[in-house]
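1. Attaching a predicted model along with its sequence, questions to come.
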Amino acid sequence: MKIFRTIEEQQNYSKNEKCENIKIALVPTMGFLHEGHLSLIDKAKEHADKIIVSIFVNPTQFGEGEDYKDYPRDERKDLEVLREKNVDAVFIPEVSEMYPEGFRTFCEVGELSNKYCGESRPAHFRGVTTVVLKLFNITKPDIAVFGEKDYQQYIIIKKMTEDLNLPIEIIPSPIIREGDGLALSSRNIYLEKEERIEATVIYESLVMARKMIDEGEYEVNLLKGKMNELIKSKKHARIDYIEFVDSRTLEKVEKVENPTRILVGVWIGKARLIDNMEIKP
Ligand code: PAF
């Protein structure tokens, strides 16, 4: 497994592979890898010959007072896991390599970036799209895989790729959950014992809404009200947002009539967790 810490090394590797007509997949990550990330690698292997994983905790997607400094990191273990997974190359740059003195340029996908997660994290998606565009230019993938857990991020990156005519196919990969339903996330490590138990309420609220819809309840206000009630019944939970949106456009809907995503952001203690579920009425 090759390990590249500079942009030049990574670009040279990717250029050479492309000369050989090799299909490259990029799996961008912020490290502290778990089964969710490994499922992205498996998905990438279905579509490409060579797999590049990037590990970079991107400072520009964290707001002031957010957990950039505390974000969990474990480079040694990550590299071990990726070696076992037979990944071809890992791009693992320093912040100064990605954002040298004088860096000024950002990429933003309009109003899609300002709602839901973007409302409580105003610069977040601008940081995500900027770093992902840089990673695309550095690793030159034919495809890139993004987890559906960050559904808004997946839609925004797809839109950026279309709008900027990037010759890259964006492939979604399903959410991986713990046995009790909690979506895997590096941030789950922040949960204290009691919070971890209560955190399952996020998935439970999604399952409850899906059941109500299956039974014929399509009014979003009512569904949201019930989810609110359930989540608020937990001592450590504080709702950031619950929204029902069109799965393709992320526009809010008032009735569940077409393919709809329920998006949820909830604070459990000091962990801000997100989850979502597709509803096909
Ligand atoms: O989803 C993530 O882990 C990050 O937002 C990403 C896509 C690696 C960009 O930093």
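-> Thanks, I have the structure now.

2. Look up the closest residue to the spatially most central residue of the chain, ignoring the ones flanking it.
-> In the chain, the C-alpha nearest the mean C-alpha coordinate belongs to residue 150, at 3.5 Å (CA atoms, centre = their mean). Spatial nearest neighbour of residue 150, excluding adjacent residues (CB to CB, 6 or more residues apart in numbering): residue 274 at 6.9 Å. The C-beta positions use only the backbone N, C-alpha and C, and glycine is treated the same way.

3. From the contact counts, what lies against the helix or strand encompassing that neighbour?
-> Using DSSP states H and E, residue 274 sits within strand 271-279. Counting contacts by 3 or more CB pairs under 8 Å, 6 or more residues apart in numbering; DSSP states H and E, strand 271-279 is packed against helix 201-214, strand 260-268.

4. got these as a markdown table, with mean neighbour count and distance to residue 230 columns?
-> Shown next, in a markdown table, are the helices and strands packed on strand 271-279 (neighbours: other CB atoms under 10 Å; distance: least, CB to CB, whole Å):
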| stretch | mean neighbour count | distance to residue 230 |
| --- | --- | --- |
| helix 201-214 | 19 | 5 |
| strand 260-268 | 23 | 11 |
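
5. who wins for proximity to the ligand among those?
-> In terms of CB to the nearest ligand atom, the element of the helices and strands packed on strand 271-279 nearest to the ligand is strand 260-268, at 14.6 Å.

6. before we move on, back to that, please report how far the residue nearest to the centre of the chain lies from residue 76.
-> 26 Å (CB to CB, to the nearest Å).

7. Repeat that for residue 228.
-> Applying CB to CB, the value for residue 228 to residue 76 is 42 Å.

8. so where is this protein shaky, pLDDT-wise?
-> Scanning the chain for pLDDT under 70 picks out nothing.

9. all helices in it, in order from the N-terminus.
-> Secondary structure of the chain, counting by DSSP state H: helices at 7-19, 35-47, 75-84, 95-98, 117-120, 124-139, 151-163, 193-198, 201-214, 220-232.

10. what's the closest of the ones you listed to the ligand?
-> Among the helices of the chain, helix 124-139 comes nearest to the ligand, with 4.7 Å by CB to the nearest ligand atom.

11. Quick one: list the elements packing against the closest one.
-> Counting by 3+ CB pairs under 8 Å, 6+ apart, helix 124-139 packs on helix 7-19, strand 24-29, strand 50-55, strand 89-91, helix 117-120, helix 151-163.

12. Now do the buried residues in the fifth one.
-> I take that to be helix 117-120. With burial defined by 16 or more other CB atoms under 10 Å, the residues of helix 117-120 counted as buried are 117-118.

13. picking that back up, go through the helices of the chain and pick out the most buried.
-> helix 124-139 (a mean of 22; mean count of other CB atoms under 10 Å).

14. Can you tell me what sits against that helix?
-> For helix 124-139, contacts defined as CB atoms under 8 Å, 6 or more residues apart in numbering pick out 7, 10-11, 14, 24, 26, 28, 52, 54, 56, 58-63, 91, 98, 105-109, 112-113, 117-118, 144, 152-153, 156-157, 160, 164, 166, 168.

15. which ones among the residues you listed come in contact with the ligand?
-> Residues of the contacts of helix 124-139 in contact with the ligand (CB under 6 Å from any ligand atom): 28, 58, 61, 153.

16. Who wins on neighbours among those residues?
-> residue 28 (24 neighbours; other CB atoms under 10 Å).

17. what's the angle from the strand holding residue 274 to strand 260-268?
-> Strand 271-279 and strand 260-268 are oriented at 160 degrees to each other (axes from the mean of the first three to the mean of the last three CA atoms, to 10 degrees).

18. so residue 112 sits right up against residue 250, yeah?
-> Yes. With contact defined as CB atoms under 8 Å, residue 112 counts as touching residue 250 (6.1 Å).

19. and for those two, which residues touch both?
-> 152, 155.

20. For the stretch 1-150 of the chain, list the residues in contact with the ligand, please.
-> 28-30, 58, 61, 128, 131-132, 150.

21. can you rerun that using 8 Å?
-> By CB under 8 Å from any ligand atom, the residues of the stretch 1-150 of the chain that approach the ligand are 28-30, 54, 56-58, 61, 127-128, 131-132, 135, 146-147, 150.

22. In contact with residue 59, which residues?
-> Listed by CB under 8 Å, 6+ apart, the contact partners of residue 59 are 68, 95, 99, 127.

23. ok, now how distant is the second one from residue 57?
-> To residue 57, residue 95 is 8 Å away according to CB to CB.
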